[in-house]
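Visitor: structure here, sequence nowhere to be found:
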C-alpha cells in the first residue's frame, strides 16, 4: 500500500534533519520503502511517498526522528484508482 507521510520539522530543525540524513541515511526498517519526496520552499514540511505492506513499520521509523519532526501518515491511491472507487459507489 502507498502512504503519503507529512513531516513537519520542529522549529529550527530543518538543518538538523538533513545533517542526520547525510550521516545515517533515512533509517527505514526493512519492509518500508521510500519512493520520492517534496519539501515546501520554506523548509518546514516534507511530503514523502512511501510503500509498505505493514503500516506498523512507521512507528519504528519515527523513533529515529521524533526529536526533530512530527508525522502524519495518510494511506493514498492514484487518481485513476480513486476514480474507479468513486464510480463503484454509484
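Guide: Noted; the coordinates are in hand. If you're wondering where the values come from, they're calculated on a predicted model, not measured in any experiment. Numbering: from 1, shown residues only.
Visitor: ok, now how distant is residue 38 from residue 87?
Guide: Computed as CB to CB, to the nearest Å, the residue 38 to residue 87 distance reads 29 Å. All C-beta spots, glycine's among them, are computed from the backbone N, C-alpha and C.
Visitor: what's the closest non-adjacent residue to residue 44?
Guide: residue 9 (5.7 Å; CB to CB, 6 or more residues apart in numbering).
Visitor: can you give me the neighbour number for the one you found?
Guide: By other CB atoms under 10 Å, the residues close to residue 9 number 22.
Visitor: ok, now which ones touch it?
Guide: 17, 43, 44, 45, 46, 68, 69 (CB atoms under 8 Å, 6 or more residues apart in numbering).
Visitor: give me the contacts around the helix or strand where residue 83 lies.
Guide: Applying DSSP states H and E as the criterion places residue 83 in helix 79-88. Under the contact criterion CB under 8 Å, 6+ apart, helix 79-88 has outside partners residue 77.
Visitor: what average pLDDT does it get?
Guide: Averaged across helix 79-88, the pLDDT comes to 88.
Visitor: that one: how far from the chain's middle?
Guide: Distance of helix 79-88 from the chain centroid (CA atoms, centre = their mean, to the nearest Å) equals 23 Å.
Visitor: can you check stretch 47-55 too?
Guide: That offset, for stretch 47-55, works out to 7 Å (CA atoms, centre = their mean).
Visitor: buried residues in that stretch?
Guide: 48, 50, 52 (16 or more other CB atoms under 10 Å).
Visitor: do stretch 16-34 as well
Guide: 17, 20, 28, 32.
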